[in-house]
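I would like the atomic coordinates for the input below:
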Amino acid sequence: MTARETRPTPDKDAIDALPPFPPLDLARIALVRSADGARDAAAALAAHPVWGFDTESKPTFFKDQVSDGPHVVQLAIAERAWVFQLADPGCRAAVAALLAHPAHAKAGFGLRDDNLRVRAKLGIEPAGVIELNALFRAQGYRKDMGVRAAVAVLFGQRFAKSKKAATSNWAAASLSEAQLLYAANDAWAAFRVAQALGVEAG
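Numbers count the residues shown, from 1 in each chain. Below is the predicted model:
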């Protein structure tokens with residue numbers, strides 16, 4: 001492929017025709033709501049140099065309405081994912097420390113807004129963040145991939161995303177099973193993509 005050639009991003013119809021991408025199930029998803037739970041998660045994550053990373057925020061519905069998210073942060077490795085609710089100050093502080101740690105790569109899609117919100121809410125600069133869209137652009141893809149297109153290209157599979165879950169109330173005190181599955185699998189799929197692309201911690 002020459003420098004001027006580009007690779008097309010698969011469209012919705014092409015992706016919908018693919019077999020499903022097997023998701024991470026609830027048994028491998030940990031919901032973390034306390035400082036103690038966050039410390040346990042940090043201990044499990046410490047041995048892994050690359051994490052899938054995403055956040056969720058309660059939707060805004062009005063012009064100029066400012067989000068106070070993220071309300072949820074997700075981190076994932078090969079076999080597990082953690083969904084952190086940030087209402088508890090101790091949990092929030094532990095997540096801030098994880099995201100600020102430079103020795104671990106945090107890989108995800110469309111992370112510009114996530115990073116802005118993390119800075120505003122947690123008061124830290126996320127370190128080691130890897131925008132997976134940038135890696136695909138370097139390979140000649142002409143526009144942002146997103147997780148669905150990336151899974152289609154790398155694995156020949158269809159990654160399912162629930163619009164209902166995406167626009168649900170992520171600030172709720174209790175998250176539903178659908179929310180947990182949605183949030184965890186976004187981060188886990190990002191990890192799988194990063195792994196397939198050979199991403200390493202800096």
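
Provide a list of residue ranges in the protein with pLDDT below threshold.
For the chain, the stretches flagged by pLDDT under 70 are 1-5, 60-67, 202.

which strand of it spans the most residues?
In the chain, assigned by DSSP state E, the strand with the most residues is strand 50-56.

tell me what that strand is packed against?
strand 72-76, strand 105-108, helix 111-122, helix 177-196 (3 or more Cβ pairs under 8 Å, 6 or more residues apart in numbering; DSSP states H and E). In short, each C-beta sits where N, CA and C put it, glycine included.

angle of the third one against helix 177-196?
By that I understand helix 111-122. Counting by axes from the mean of the first three to the mean of the last three Cα atoms, to 10 degrees, helix 111-122 points 120 degrees away from the direction of helix 177-196.

most centrally placed residue in the protein?
residue 54 (2.4 Å; Cα atoms, centre = their mean).

Dump the helices and strands packed on strand 50-56 into a markdown table; add distance to residue 88 and mean neighbour count as well.
Formatted as a markdown table, the helices and strands packed on strand 50-56 follow (distance: least, Cβ to Cβ, whole Å; neighbours: other Cβ atoms under 10 Å):
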| stretch | distance to residue 88 | mean neighbour count |
| --- | --- | --- |
| strand 72-76 | 12 | 29 |
| strand 105-108 | 21 | 26 |
| helix 111-122 | 13 | 17 |
| helix 177-196 | 17 | 23 |
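
Looking at the ones you listed, which is nearest to residue 8?
Set against residue 8 and scored by Cβ to Cβ, those come closest in helix 177-196, at 17.9 Å.

what angle sits between the closest one and strand 50-56?
Using the same axes, to 10 degrees, helix 177-196 lies at 140 degrees relative to strand 50-56.

now helix 177-196: how far from the chain's centre is it?
6 Å (Cα atoms, centre = their mean, to the nearest Å).

export it as PDB, just CAs?
Output of helix 177-196 as PDB, limited to C-alpha atoms (Å, rounded to 0.1, in the frame of the first residue of the first chain):
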ATOM      1  CA  GLU A 177     -26.800  -6.200  34.400                       C
ATOM      2  CA  ALA A 178     -27.200  -4.600  30.900                       C
ATOM      3  CA  GLN A 179     -25.100  -1.600  32.000                       C
ATOM      4  CA  LEU A 180     -22.400  -3.800  33.500                       C
ATOM      5  CA  LEU A 181     -22.200  -5.900  30.300                       C
ATOM      6  CA  TYR A 182     -22.100  -2.800  28.100                       C
ATOM      7  CA  ALA A 183     -19.500  -1.000  30.100                       C
ATOM      8  CA  ALA A 184     -17.200  -3.900  30.700                       C
ATOM      9  CA  ASN A 185     -17.300  -5.200  27.100                       C
ATOM     10  CA  ASP A 186     -16.400  -1.800  25.700                       C
ATOM     11  CA  ALA A 187     -13.200  -1.800  27.700                       C
ATOM     12  CA  TRP A 188     -12.600  -5.500  27.100                       C
ATOM     13  CA  ALA A 189     -13.000  -5.200  23.300                       C
ATOM     14  CA  ALA A 190     -10.600  -2.300  23.400                       C
ATOM     15  CA  PHE A 191      -8.100  -4.600  25.200                       C
ATOM     16  CA  ARG A 192      -8.600  -7.300  22.600                       C
ATOM     17  CA  VAL A 193      -8.000  -4.900  19.800                       C
ATOM     18  CA  ALA A 194      -4.900  -3.400  21.500                       C
ATOM     19  CA  GLN A 195      -3.600  -6.900  22.000                       C
ATOM     20  CA  ALA A 196      -4.100  -7.800  18.400                       C
END
